[in-house]
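Trainee: how does the following fold in three dimensions:
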Amino acid sequence: MEANIKEIIFLFLFVIIGIVLLSPIVSFIGNLTNPGTYTTYTTVSGTVTETTSSFVPNPYYVGSNNTVLISLVPIFYILIIIGVPAILIYKMYKGE
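Mentor: Residues are numbered from 1 along each chain as shown. Predicted structure coming up:
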């Protein structure tokens, strides 16, 4: 088994970049699947304190029908991070 140094460097960089990009992808997917948040405002006027709560919709929300599909994106991303190096290592091992 002769290991090509370029292939090993590529695999190392592929995995490192994949791991680094996983967190922003998961955060963005969380933003897409969240319909909005409730915000509470407290107003103090003299001795009277008034608390109001309002729903702030998320403009990037994909809708309830697409949420399940969008939630699968990180799983497929992880499979690619694992699968591509595994296939390339197998081909390097077999000598193709």
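Trainee: need the strands for the protein, in chain order.
Mentor: 36-45, 48-57 (DSSP state E).
Trainee: please report the distance of the residue found closest to Ile80 once you drop the neighbours it is linked to in the chain from Asn65.
Mentor: The spatial neighbour of Ile80 that comes closest, neighbours along the chain excluded (C-beta to C-beta, 6 or more residues apart in numbering), is Gly18 at 7.6 Å. Just so you know, the C-beta spots here come from the backbone N, C-alpha and C atoms, and that holds for glycine as well. Distance check for Gly18 against Asn65: by C-beta to C-beta, to the nearest Å, it reads 29 Å.
Trainee: also Phe12?
Mentor: 40 Å.
Trainee: re the thing from before, Gly18 and Asn65: who's more crowded?
Mentor: Set side by side, Gly18 and Asn65 show more neighbours around Gly18, with 17 against 7, by other C-beta atoms under 10 Å.
Trainee: I'd assumed Ile81 was in contact with the more buried one.
Mentor: Yes. Here Gly18 lies in contact with Ile81, judged by C-beta atoms under 8 Å, at a distance of 4.0 Å.
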